[in-house]
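Participant: Following is a predicted model, sequence given first.
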Amino acid sequence: MERKIFFEKARLKENRKIGHNFYLLKFITSVNPVVISPGQFVDLRIRDNHDPLLRRPFSIFNYEKGIMSVLYKIQGRGTGMLSSLKKGDMIDYIGPLGNGFHPFKIGKTLSVAGGIGMAGLFYLQKIFNSIPLLIGLNEKSDALALLDLLKESRIQQNRVHIAVMEKTPEFFTGTATDLLQTFLKRTKYDLILSCGPEAMMHSVYKIAVKKNIATQFLLERIMGCGMGVCQGCTVKVKEKGRLNNKLVCKDGPVFSGEEIVWT
Amino acid sequence: MERKIFFEKARLKENRKIGHNFYLLKFITSVNPVVISPGQFVDLRIRDNHDPLLRRPFSIFNYEKGIMSVLYKIQGRGTGMLSSLKKGDMIDYIGPLGNGFHPFKIGKTLSVAGGIGMAGLFYLQKIFNSIPLLIGLNEKSDALALLDLLKESRIQQNRVHIAVMEKTPEFFTGTATDLLQTFLKRTKYDLILSCGPEAMMHSVYKIAVKKNIATQFLLERIMGCGMGVCQGCTVKVKEKGRLNNKLVCKDGPVFSGEEIVWT
Amino acid sequence: MKIKIGSSEFKNPIFAASGTFGYGEEFSRIIDINKLGAIVTKAVTLKPRKGNEGLRIAETPAGMINRIGLENVGLDAFINEKLKFLSSLKTGIIINIAGETKNEYVALAKVLGGLAGIHALEVNVSCPNVEKGGIEFSQDLIQFKELIKAVRKATEMPLIVKLSPSAGDILTFAKLARDEGVDAITVSNTFKASLIDTKSQKIYIQGGLSGPAIFPLALSNVIQVCKNIDIPVIASGGIHSVDTALQFFIAGAKAVQIGTFNFIQPDIALQIIKGITTFMREKKLSSINQIIGSLP
Amino acid sequence: MKIKIGSSEFKNPIFAASGTFGYGEEFSRIIDINKLGAIVTKAVTLKPRKGNEGLRIAETPAGMINRIGLENVGLDAFINEKLKFLSSLKTGIIINIAGETKNEYVALAKVLGGLAGIHALEVNVSCPNVEKGGIEFSQDLIQFKELIKAVRKATEMPLIVKLSPSAGDILTFAKLARDEGVDAITVSNTFKASLIDTKSQKIYIQGGLSGPAIFPLALSNVIQVCKNIDIPVIASGGIHSVDTALQFFIAGAKAVQIGTFNFIQPDIALQIIKGITTFMREKKLSSINQIIGSLP
Ligand SMILES: Cc1cc2nc3c(=O)[nH]c(=O)nc-3n(C[C@H](O)[C@H](O)[C@H](O)COP(=O)(O)OP(=O)(O)OC[C@H]3O[C@@H](n4cnc5c(N)ncnc54)[C@H](O)[C@@H]3O)c2cc1C
Ligand SMILES: Cc1cc2nc3c(=O)[nH]c(=O)nc-3n(C[C@H](O)[C@H](O)[C@H](O)COP(=O)(O)OP(=O)(O)OC[C@H]3O[C@@H](n4cnc5c(N)ncnc54)[C@H](O)[C@@H]3O)c2cc1C
Ligand SMILES: Cc1cc2nc3c(=O)[nH]c(=O)nc-3n(C[C@H](O)[C@H](O)[C@H](O)COP(=O)(O)O)c2cc1C
Ligand SMILES: Cc1cc2nc3c(=O)[nH]c(=O)nc-3n(C[C@H](O)[C@H](O)[C@H](O)COP(=O)(O)O)c2cc1C
Ligand code: FES
Ligand code: FES
């Protein structure tokens, strides 16, 4: 049976800056947590005017007691406008959309996020909190902000491992993939879940292939409708030896590393 | 010599609801009060996006110590968006624009405003505070809010006379023109200044013509540029017996009752 | 609010536009699509099509450009997989057809025109004719005329021709289609548009512009065509509110299609149906026909 | 950033579009208009014109419609009252001319083409020809050709023809103009657009659409014309940022005209001049010609 998709105007509980680069938006939702699967997203209509026109997709970052949240970074006009919304304002969302991560066994699984890509892996972490989650960030300030966020979101900190590009004594220095390499040296994993910049995910894939580890990636595409009708968000996949189009919004946003045609 | 027109981004000092129907927006301006003449307006770009596209004109409601303010009513999308701006947000304005009220002798002059039209007469009142200002409002709550506003804006209350459509013991019951009629019965005036809905101004004009009183009206038009280049804001006027076009933004917004071609 | 196009009756004149509503399944999870007057399907082609490579949509001021390239499952799979759900609906079903040659259109019309549960065919002429060097059918009066003639011959099902607004004088094409005996004309498809990526100094996207930005352009065309043509006109382009839908009806459109704005506000069609009912009540009108073409 | 059109040199290719900058006086109170490459004046007609009655402008999604109706002071008053200020500027002066008959255009070209301080004439062909039942010069290939031929004969001043995008195949008109020996083509004027007032059920406005909404449409036309024509193309339509101006240059425009956005952001032209300088520095380009037409 297909799960219900909500479409409603929601009241903002808060919208605040997290560290120097991220924002956390919380809104009151009628969505029942039972219907949310980690990796799914919501499509937000930021304001009622027609420029920018399209909705903007964001991973469901967290859900707690009727409050849904998304974590975002300002990229352009839509996210810029989003950051100007205040508590009490209304936002119009459709969701949960997409399929989230494919079913897997928790045993030997690892998650790797690059920057704001962590937004796609947090809710998964919350539910399956024994999975190690490696997060690569640019600045120490991001890392400190993230630690606060983990506390606030009731996520076990000892399973979250942070790599920071900026050299600091407190954190692993390097990228998320550097950190991943050290993990793979120590332990054998069967599956890597990942979300982040496409180049970073490609590196993760190449590392995993070498070690024969299965992968699932949360992809991002510019979306027209977010629900599988406009055919605007295609990703090229290999299916039974043939090249095919799939829709990131409807067939994804999570795809296995093998099916993705990396460019 | 032509007076300077400012074009800058200004920081909001506040933007709050006044009574049930009006909003007061205050922003920090570089405009020197010397260049403002009552009846002039500023053209606001409410947000940086392109829908709604055009700027919106508003009378200069007040100026005090580097703070300019406009009083407005929500009419549509532009003013709706304006009301969502908060302290600290930036707004882009051009002004002062237009010419304001024509020079006149204070002696036997009276002002009449209908509803939000009072925004165009307040600054005049502040400068020439001996002129009686008659204001017609719909609800008692508007009148009470206005009294607070007068105090806050340091405008002599005893020269401001309020008519309220809603029957109340505190205020004159009726329209601004009803109140005007009672004033004209008691005293002889040479000039009436007025701003409000076009139908109300037309009534004021007809009353004035009968009593041989000169008039000046602050007109409103949908504006493209606000500064006399697009020719979008024309008003038909009689000039030396011929019909001509004038621009509300550049030649006005104040016109004498005789020159206006009332429709 | 009933209206008729050819021999088919629709319970109201608010349709979903081709390519913006899929085959109805997705939207049925969010709104009650049975309330719509009709659903125009994504274009169906004879063979399955993969559509265009690369970026397919981009946002513009109050609009979007798309170059989907007619990706669809093809006629057979459409009939086997999609039509069943569509025919189970209590709404009109209009199949948008597209081809690379005249014969492909004819074949589509023959097959689909013979199926139950379909209320009309809409011929999408904004496709390159591979037999004529890739000039769009919509761009050339002669090949346009031949195409419409052939399709008209192929089926007795109510036939709608969807015009392109980028092909010069839209009225000339409208008249040609009327002369070939089609039952209605859709005015119109998307407008030719481009964006350049200034970083790489290459084309970013080239495709069709849709959305609120084009509404005043589409309305201008609808006014012109309705004034000069006596067969039903279906309006498409930029509808984003009750008011914009009403403007099309007043201009003379017998039905309207909502496209891009379904993405922005999935219940826009239902809002419009409600809004028009209210408008009629307020104006004390008993039939939508009292609005249609009321422009003096 | 110098560029040449015919025999006239302009210090940069960022122009203000006709009808959106008056005769320069108003903007000179807000920005340093001497920095512009050129100012194209509001259309000048032989006799003074009062323009259209009634509502003249309306807002649309990311755009505006205007029907000013060529209100202007007329040739004599233009020369006596406006030209003095214009010629005192350190920027190129292009006079946009409009008429109701071919002879009016010719008369304007003869007089204005002989005056010092003017660098080019821009022929606005989007005017009804009263001698031909009011069909716009821009809508009919034959009267268009005759008009351009006559105006070209009347003056040796650099001549620009400003095309209409609503007249069918814009390329055909561009080629015709080129064949008559004009020095440049402006692509393009506003797009035909309408709005209906649903309260009164009457036309609210009918006129030309401009502003950001039309940018992707104008760009599409500019790409097409530049690809097929070897005389300079001046781009106009929807510029609202450094990036959109750059897209026109990359497409092949030798100069750009900023219209509606002057109203929204009066210093937009200056921002674009600055932005292009920065772009050239970052890309290590020494001449704007390295950007113009760089689209593969
Ligand atoms: C399934 C999914 C989940 C996502 N989850 C998150 C999230 O949790 N947090 C977060 O910050 N961002 C997330 N994104 C990306 C987010 O949607 C974009 O950052 C946002 O739409 C940009 O809007 P804008 O108007 O600010 O940028 P624009 O001004 O539109 O564009 C700025 C830049 O962002 C790129 N961009 C625009 N839209 C998208 C898009 N839909 N996907 C990817 N890139 C885009 C543009 O190409 C451009 O380079 C997600 C995207 C998808 C598809
Ligand atoms: C010189 C001048 C001074 C003004 N001063 C004030 C003021 O001090 N306070 C105030 O609240 N309003 C004032 N106005 C009116 C104000 O500009 C409009 O209310 C505002 O532009 C409406 O914008 P909107 O987007 O909310 O409405 P829209 O959605 O654009 O339109 C809603 C309604 O308002 C009408 N409207 C739109 N623009 C204008 C306009 N420029 N003038 C008149 N009617 C318009 C429309 O026709 C429509 O009926 C003034 C107008 C002018 C010309
Ligand atoms: C993503 C997308 C896909 C479309 N696909 C088709 C199509 O397959 N066939 C067709 O005739 N029109 C297609 N159209 C055009 C729409 O049906 C509609 O005519 C056009 O978008 C204008 O209306 P709008 O502004 O309301 O979107 C498509 C439009 C969009 C945005
Ligand atoms: C208010 C207004 C008046 C205009 N008047 C003229 C004119 O007199 N002659 C002309 O050739 N174009 C005229 N135009 C068209 C502009 O010059 C420009 O080509 C068009 O608006 C498209 O550019 P934009 O989108 O940057 O505004 C006018 C445009 C506007 C908005
Ligand atoms: S965004 Fe429309 S199909 Fe995916
Ligand atoms: S608003 Fe442009 S001339 Fe007055």
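Facilitator: Cool, the structure landed. Ligands and ions are numbered 1, 2, ... in the order given.
Participant: which SS class is whatever residue of the stretch 101-250 of chain A ends up closest to ligand 1?
Facilitator: Using C-beta to the nearest ligand atom, the closest approach of the stretch 101-250 of chain A to ligand 1 is made by A:Ala119 at 3.2 Å. For glycine as for every other residue, the C-beta is placed from the backbone atoms N, C-alpha and C. Look at A:Ala119: counting by DSSP: H, G, I helix; E, B strand; the rest coil, its state is helix.
Participant: is the longest strand seen in chain C up against chain B anywhere?
Facilitator: Identified as the longest strand of chain C according to DSSP state E is strand C:202-210. No - Strand C:202-210 lies out of reach of chain B by C-beta under 8 Å from any C-beta of the partner chain, never closer than 14.6 Å.
Participant: Please apply the same query to stretch C:264-282.
Facilitator: No - for stretch C:264-282, no contact with chain B is found by C-beta under 8 Å from any C-beta; the gap never falls below 12.1 Å.
Participant: Next, the buried residues of that stretch.
Facilitator: By 16 or more other C-beta atoms under 10 Å in any protein chain shown, the buried positions in stretch C:264-282 come out as C:264-273, C:275-276, C:279-280.
Participant: Convert the C-alpha atoms of it to CSV, please.
Facilitator: Taking Å, rounded to 0.1, in the frame of the first residue of the first chain, the C-alpha atoms of stretch C:264-282 are listed here in CSV:
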residue,chain,number,x,y,z
ILE,C,264,3.6,24.6,-7.1
GLN,C,265,0.2,24.1,-5.6
PRO,C,266,-1.1,20.6,-6.2
ASP,C,267,-4.7,21.5,-5.4
ILE,C,268,-4.8,24.5,-7.7
ALA,C,269,-7.3,22.8,-10.0
LEU,C,270,-9.7,22.1,-7.1
GLN,C,271,-9.3,25.7,-5.9
ILE,C,272,-10.2,27.0,-9.3
ILE,C,273,-13.2,24.8,-9.6
LYS,C,274,-14.4,26.1,-6.2
GLY,C,275,-13.5,29.7,-7.1
ILE,C,276,-15.5,29.6,-10.3
THR,C,277,-18.5,28.2,-8.5
THR,C,278,-18.3,31.1,-6.1
PHE,C,279,-17.8,33.6,-8.9
MET,C,280,-20.9,32.2,-10.7
ARG,C,281,-22.9,32.4,-7.5
GLU,C,282,-21.9,35.9,-6.8
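Participant: gap between that stretch and the chain center?
Facilitator: 19 Å (C-alpha atoms, centre = their mean, to the nearest Å).
Participant: contacting residues around it?
Facilitator: Residues outside stretch C:264-282 that contact it (C-beta atoms under 8 Å, 6 or more residues apart in numbering or on different chains) are A:7, A:45, A:50, A:53-55, A:92, A:94, C:1, C:12, C:14, C:16, C:27, C:30-32, C:35-36, C:239-242, C:245-246, C:249, C:256, C:258, C:261-262, C:285-286, C:288, C:290-291, D:198.
Participant: Now with 6 Å, please.
Facilitator: For stretch C:264-282, the surrounding residues in contact (C-beta atoms under 6 Å, 6 or more residues apart in numbering or on different chains) are A:7, C:12, C:14, C:30-31, C:35-36, C:242, C:245, C:258, C:261.
Participant: Repeat that for stretch A:184-192.
Facilitator: In contact with stretch A:184-192 (C-beta under 6 Å, 6+ apart) are residues A:104, A:108-110, A:208, A:213-215.
Participant: Tell me how far A:Lys140 lies from A:Cys195.
Facilitator: 22 Å (C-beta to C-beta, to the nearest Å).
Participant: Over to C:Leu83?
Facilitator: 38 Å.
Participant: In a strand, A:Val235, correct?
Facilitator: Yes - counting by three-state DSSP, A:Val235 is found in a strand.
Participant: Number of residues surrounding C:Thr155?
Facilitator: Using other C-beta atoms under 10 Å in any protein chain shown, C:Thr155 has 17 neighbouring residues.
Participant: which stretches of the stretch 101-250 of chain C have low pLDDT?
Facilitator: Residues of the stretch 101-250 of chain C meeting the criterion pLDDT under 70: none.
Participant: ok, now which ones touch A:His102?
Facilitator: By C-beta under 6 Å, 6+ apart, the neighbours of A:His102 are A:Gln216.
Participant: Tell me where the stretch 1-150 of chain A has strands.
Facilitator: A:6-18, A:22-28, A:41-45, A:56-59, A:62-64, A:67-72, A:90-97, A:109-114, A:133-137 (DSSP state E, counting those that start in this stretch).
Participant: Out of these, which is closest to A:Gly232?
Facilitator: Across the strands of the stretch 1-150 of chain A, A:Gly232 has its closest neighbour in strand A:56-59 (11.7 Å, C-beta to C-beta).
Participant: Now do the contacts for the residue in the stretch 151-296 of chain C that ligand 5 sits nearest to.
Facilitator: At 7.1 Å from ligand 5, C:Phe263 is the closest residue in the stretch 151-296 of chain C, using C-beta to the nearest ligand atom. Shown in contact with C:Phe263 (C-beta under 6 Å, 6+ apart): A:224-225.
Participant: Excluding chain neighbours, what is closest to the residue of the stretch 101-250 of chain A closest to ligand 1?
Facilitator: A:Leu71 (4.1 Å; C-beta to C-beta, 6 or more residues apart in numbering or on different chains).
Participant: Next, give phi and psi for the closest residue to ligand 1 within chain C.
Facilitator: Ligand 1 sits closest to C:Glu59 of chain C, with a gap of 6.3 Å, by C-beta to the nearest ligand atom. Dihedral pair for C:Glu59: phi -90, psi 150, per degrees, to the nearest 10.
Participant: Please tell me how far it sits from C:Gln206.
Facilitator: From C:Glu59 to C:Gln206 the distance is 15 Å (C-beta to C-beta).
Participant: Please apply the same query to C:Gly37.
Facilitator: Distance, C:Gly37 to C:Gln206, by C-beta to C-beta: 33 Å.
Participant: Neighbour count: these two, which is higher?
Facilitator: Higher neighbour count among C:Gly37 and C:Gln206: C:Gly37, with 24 against 17, using other C-beta under 10 Å.
Participant: re the thing from before, right, and the pair among the contacts of stretch A:184-192 with maximum separation?
Facilitator: A:Phe104 and A:Ala208 (13.8 Å).
Participant: Looking at those two, which one has more neighbours?
Facilitator: Neighbours were counted for A:Phe104 and for A:Ala208 using other C-beta under 10 Å; A:Ala208 has more, 22 against 15.
Participant: I'd say that one and A:Phe217 touch.
Facilitator: No - A:Ala208 lies out of contact with A:Phe217 (C-beta atoms under 6 Å); the separation is 10.1 Å.
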